[in-house]
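Participant: coords below, sequence missing:
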């Protein structure tokens, strides 16, 4: 069959994996030659997937959310930064261009040495007088050429391993977590915070849905970068829009002035 | 206005905005997307697999896949909600039937073109109701054939074998059902 599918619904049915046998073969044979139908097929995926909404709504155990986020944290730490849309997607090892350049240099050198060698060898026949001297040069060039070849062999052999080296410890990114209940209070934990210069402190802010940020306590990072604020005195019943941490002068300030270190909107 | 509040994001973050924040390593953004779609993904997986543990694994895998593939997400190309539903269904069917619908290639290739957008909760609820109404309106034979196709991943021949109906009847039922659903989704 080379015509368009007889039934418009076959696109959805194909997407769902329902077609089989001759129907599937004919459909695929046509897709292979028809760009228009391939585009049409793209559009049917979303309609077909809507059927999933008919599933009875169920909820995973609450722990799963934490597991998903844990896995994200582990990944984030292991390969920071995550793939960014443009930069990181095409980012290559900083060494790759270096190896490539080295390989090119060696290849050019080897080719040049090879040619030079041949030229010198031809010259030998003509220049009987300098025979001995030229033979020595030729040997030297041959040796260099062999060395270049050996280096190239290492770079190009399939069993060669490549190991990248990085600085010993990447600086961790500070992060924090607030547990807030408008009638019961606030707990806040932060980790991987940098130590502050003398005369400064971290200050936690509750940003209410209306009005100015409210001081939710001062804290310092311990030697491992951990800090916490447990049940600070706060007016009860506040609706929080976000939490934030700034760096302020020791003793704290009534309204944030210093640089923001952490911020988290209430989702 | 104070300096912090000025930088607050809009009340309803778009999927696209959240993806961008995930790429920047923002865990809260992933949490927000999970809260938005985790239940949908899990419900599809649980309906197909009928095993809460396996459904949770599928759910975790898909969100893992989500941030690993996030760089390839292009809101102009399709919607995240469609992608998540396609992944939830295909992954679960793969697992159920040991088939390979989802795993080959770049997962973002499964991004449906010009998908519907379910990032708004009201739109989501409305769509759920609409799909259920549409499925519920189908004659029993058509509804059963669609459910066997979607939730059990059966092919038309397998459906015929399961229900004992002639293959031609099954094909007609599936096509008629799909045409009805398309009309309902488009309205």
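Facilitator: Nice, I can see it. Here the structure is a predicted model, which is why all the values come from computation and not from measurement. Numbers count the residues shown, from 1 in each chain, chains lettered A, B, ... in the order given.

Participant: make it CA atoms for all contacts and neighbour counts henceforth
Facilitator: Will do.

Participant: how about the helix or strand harbouring residue B:91: buried residues?
Facilitator: Here residue B:91, judged by DSSP states H and E, is contained in helix B:80-97. Neighbour counts over helix B:80-97 (16 or more other CA atoms under 10 Å in any protein chain shown) mark B:80-96 as buried.

Participant: Near chain A, list only the ones from these.
Facilitator: Subset of those in contact with chain A: B:82, B:83, B:85, B:86, B:89, counting by CA under 8 Å from any CA of the partner chain.

Participant: and which of those is nearest residue A:76?
Facilitator: residue B:83 (22.8 Å; CA to CA).

Participant: From residue A:230, how far off is that closest one?
Facilitator: 41 Å (CA to CA, to the nearest Å).

Participant: before we move on, what about residue B:94?
Facilitator: Using CA to CA, residue B:94 is found at 47 Å from residue A:230.

Participant: So which residue is dead centre in chain B?
Facilitator: Nearest to the mean C-alpha position of chain B, counting by CA atoms, centre = their mean, stands residue B:85 at 0.9 Å.

Participant: which residues touch that one?
Facilitator: Residues in contact with residue B:85, defined by CA atoms under 8 Å, 6 or more residues apart in numbering or on different chains, are A:49, A:50, A:52, B:40, B:41, B:44.

Participant: Of those residues, grab the buried ones for ChimeraX.
Facilitator: Of the contacts of residue B:85, the buried ones go into a single ChimeraX selection, burial set by 16+ other CA under 10 Å:
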select /A:49,50,52 /B:40,41,44
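
Participant: of the contacts of residue B:85, closest to residue B:19?
Facilitator: residue B:41 (17.1 Å).

Participant: I figured the closest one hits residue B:86, correct?
Facilitator: No - Residue B:41 is beyond contact range of residue B:86, at 9.3 Å (criterion: CA atoms under 8 Å).

Participant: Closest residue of chain A to chain B?
Facilitator: residue A:18 (4.0 Å; CA to the nearest CA).

Participant: And the helix or strand residue B:17 falls within, what does it pack against?
Facilitator: Following DSSP H and E, one finds residue B:17 within helix B:15-23. Contact partners of helix B:15-23 among helices and strands, from 3 or more CA pairs under 8 Å, 6 or more residues apart in numbering or on different chains; DSSP states H and E: helix B:27-49, helix B:52-68.

Participant: out of those, which comes closest to residue B:126?
Facilitator: Here helix B:27-49 is closest among the helices and strands packed on helix B:15-23 (CA to CA), at 13.6 Å.

Participant: quick one: buried residues of that closest one?
Facilitator: Residues of helix B:27-49 classed as buried: B:27-34, B:36-49 (neighbour count, 16+ other CA under 10 Å).

Participant: cool, stretch A:9-25 as well?
Facilitator: Residues A:9-20, A:23-24 are the ones in stretch A:9-25 that count as buried (16+ other CA under 10 Å).

Participant: Now do that stretch, average pLDDT.
Facilitator: Mean per-residue pLDDT for stretch A:9-25: 88.

Participant: Check the offset of that stretch from the chain's centre.
Facilitator: Put simply, stretch A:9-25 sits 37 Å off its chain's centre (CA atoms, centre = their mean, to the nearest Å).

Participant: hmm, back to that, name the SS class of the residue of chain A closest to chain B, please.
Facilitator: Here residue A:18 is recorded as coil under DSSP: H, G, I helix; E, B strand; the rest coil.

Participant: that older thread, and the angle from the helix holding residue B:17 to helix B:52-68?
Facilitator: 80 degrees (axes from the mean of the first three to the mean of the last three CA atoms, to 10 degrees).

Participant: buried sites along helix B:15-23?
Facilitator: By neighbour count with 16+ other CA under 10 Å, helix B:15-23 contains the buried residues B:15, B:16, B:18, B:19, B:20, B:22, B:23.

Participant: and what of stretch A:236-245?
Facilitator: For stretch A:236-245, the neighbour count (16+ other CA under 10 Å) marks A:238, A:239, A:240, A:241, A:242, A:243, A:244, A:245 as buried.

Participant: residues touching the second one, list them.
Facilitator: In this structure, residue A:239 makes contact with A:182, A:208, A:209, judged by CA under 8 Å, 6+ apart.

Participant: So which of the residues you listed belong to strands?
Facilitator: residue A:208 (DSSP state E).

Participant: need the contacts of residue A:239 in TSV with pLDDT and neighbour count, can you?
Facilitator: Formatted as TSV, the contacts of residue A:239 follow (pLDDT from 0 to 100; neighbours: other CA atoms under 10 Å in any protein chain shown):
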residue	pLDDT	neighbour count
A:182	86	13
A:208	92	16
A:209	89	14
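
Participant: Let's have the contacts of residue A:239 in CSV, adding distance to residue B:59.
Facilitator: As requested, the contacts of residue A:239 are exported to CSV (distance: CA to CA, whole Å):
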residue, distance to residue B:59
A:182, 31
A:208, 34
A:209, 33
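
Participant: Next, count neighbours for whatever residue of chain B ends up closest to chain A.
Facilitator: Here the residue of chain B nearest chain A is residue B:155; by CA to the nearest CA that distance is 4.0 Å. By the measure other CA atoms under 10 Å in any protein chain shown, the count of residues near residue B:155 is 21.

Participant: I'd guessed it sits against residue A:21; true?
Facilitator: No - Residue B:155 is beyond contact range of residue A:21, at 9.5 Å (criterion: CA under 8 Å).

Participant: Excluding residues flanking it in the chain, which one is nearest residue B:153?
Facilitator: In space, and not counting its chain neighbours, residue B:153 is closest to residue B:93: 5.9 Å by CA to CA, 6 or more residues apart in numbering or on different chains.

Participant: per-residue confidence at that neighbour?
Facilitator: pLDDT at residue B:93 comes out at 91.
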